[in-house]
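Colleague: Compute the structure for the input listed below.
(one chain, ligands or ions: 1)
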Amino acid sequence: MSVLVFVESAEGKIKKTSLEAVAYGAKMSDEVVVVAFGNVASDELESTGKYGANKVLHISDDSYNDGVIQAYATAIAQAMDQSGADALVMANSSLGTPVAARVAIKKGAGLVTNVSDLPDTSNGFEVKKSIYTGKAFATVKVDKAIKVLAIKKNAVELVEGSGSAAVEAFSPNAQDGDFATKITATKKAEGDVLLPEAEIVVSGGRGLKGPENWGMIEDLAKTLGAATGCSKPVSDMDWRPHHEHVGQTGVKVAPNLYIAVGISGAIQHLAGVNSSKNIVVINKDPEAPFFKAADYGIVGDAFEVLPKLTEAIKALK
Ligand SMILES: Cc1cc2nc3c(=O)[nH]c(=O)nc-3n(C[C@H](O)[C@H](O)[C@H](O)COP(=O)(O)OP(=O)(O)OC[C@H]3O[C@@H](n4cnc5c(N)ncnc54)[C@H](O)[C@@H]3O)c2cc1C
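Modeller: Prediction:
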């Protein structure tokens, strides 16, 4: 099997979720080619070799900079032809999944999104995927010769090796309609650490009583190098911006550590956080449902616990 991995980048850096996709591809095959778009320096592209890539096809044409899904799908399908790949792997992201679906149609491939584990090839090709917003798993058998897999964050461990991938320029032939969608403006989420990519998230709920108390959340987040999140009512009331709203109808996060402060743990909130590796809950109500999903819990008043916790972490550092 030969694998093509589509990697995404932001501000010239390849995203960690995409490096995980490279590492996943390298567990499937020794022949791993990466396809990357945009203004990414050669040494950054070469570094995908540390996770198992042999070669990078780099599309540097500015017309692809806006991330138009149709154009990406055409280019990636052509990169599959060029590299002879019979599997395509990418991060299960807001860009990755629609691109995956379109490439799968173009190539007549079997598509699996939300993939949570490596494939089992002992009896055909089976992959495990997360379903029902992370509450259950399904095992999917793919019979098609070509496979397209969108990988959940943390599906594989990222271990840095010493390889270096060879970088080659690649110029796809855009088709009619590829650029029919024009992106006229983009607004970037603010904050030092972006929520969907964050390794640590500190999130606040209605228990914080009002936006004037968010300094405590921001202090702890800054101390830990974390992104800040919130529950839906908090963003509905404009205490925090909408892009921080975590849950079924908001951002789905999968950090190593999710700290929930003054959030009850409603099922719709849990749907956005249950792929987190470790969950710490701070709530004054010992019966709060979030404690059932927590790895560690602190029963206490956030206004007393948070400043002490932040000071203790600062002292440790
Ligand atoms: C279709 C639908 C979709 C939804 N999608 C989402 C979603 O994506 N994300 C989401 O978050 N919600 C979503 N909701 C809303 C969800 O059902 C809950 O209403 C919401 O998550 C509750 O927010 P909360 O925990 O901040 O507030 P509350 O339920 O009011 O809980 C506040 C918590 O703070 C604790 N608390 C109070 N004071 C303190 C203190 N001083 N110290 C410590 N703890 C304290 C309380 O014990 C309580 O547990 C959705 C609802 C529906 C119907």
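Colleague: Break this structure into its domains for me.
Modeller: According to automatic domain parsing, the chain comprises the domains 2-169, 195-316.
Colleague: And the strands in the stretch 1-150 of the chain?
Modeller: 2-7, 9-10, 13-14, 31-37, 55-59, 87-91, 110-115, 126-131, 136-141, 147-151 (DSSP state E, counting those that start in this stretch).
Colleague: Just the mean pLDDT for the next helix or strand after the last one, thanks.
Modeller: Where DSSP states H and E defines the elements, the next helix or strand beyond strand 147-151 is strand 166-169. The predicted model gives strand 166-169 an average pLDDT of 98.
Colleague: Any residues of the protein in contact with the ligand? List them.
Modeller: 205-207, 231-234, 247-250, 262-264, 266, 268-269, 272, 282-285, 288, 301-303 (Cβ under 6 Å from any ligand atom). Quick note: C-beta positions are derived from backbone N, CA and C, even for glycine.
Colleague: from the residues you listed, which ones fall inside strands?
Modeller: I282, N283 (DSSP state E).
Colleague: Distance from the helix or strand bottoming out on mean pLDDT in the chain to the middle of the chain?
Modeller: Sorting the helices and strands of the chain by mean pLDDT, DSSP states H and E puts strand 9-10 at the bottom, at a mean of 91. Relative to its parent chain, strand 9-10 has a centroid offset of 12 Å by Cα atoms, centre = their mean, to the nearest Å.
Colleague: who are the neighbours of it, in terms of helices and strands?
Modeller: For strand 9-10, there is no helix or strand it packs on, judged by 3 or more Cβ pairs under 8 Å, 6 or more residues apart in numbering; DSSP states H and E.
Colleague: which of the residues of the chain next to the ligand are buried?
Modeller: 205-207, 231-232, 234, 247, 250, 262-264, 266, 269, 272, 282-283, 288, 302 (16 or more other Cβ atoms under 10 Å).
Colleague: Look up the closest residue to the residue in the stretch 1-150 of the chain positioned nearest to the ligand, ignoring the ones flanking it.
Modeller: The minimum distance from the stretch 1-150 of the chain to the ligand, using Cβ to the nearest ligand atom, falls at T133 (9.8 Å). Closest residue to T133 apart from its sequence neighbours, by Cβ to Cβ, 6 or more residues apart in numbering: A271 at 3.7 Å.
Colleague: Show the contacting residues for the one you found.
Modeller: The contact partners of A271, taken as Cβ atoms under 8 Å, 6 or more residues apart in numbering, are T133, G134, K135, G247, Q248, K252.
Colleague: Next, count neighbours for the residue of the stretch 1-150 of the chain closest to the ligand.
Modeller: 17 (other Cβ atoms under 10 Å).
Colleague: for the one 4 residues further on, same thing?
Modeller: For F137, the neighbour count with other Cβ under 10 Å is 14.
Colleague: what bridges to the closest residue to it other than its chain neighbours?
Modeller: Nearest non-adjacent residue to F137, counting by Cβ to Cβ, 6+ apart: K128, 5.3 Å away. Residues in a beta bridge with K128, per DSSP bridges, are T139.
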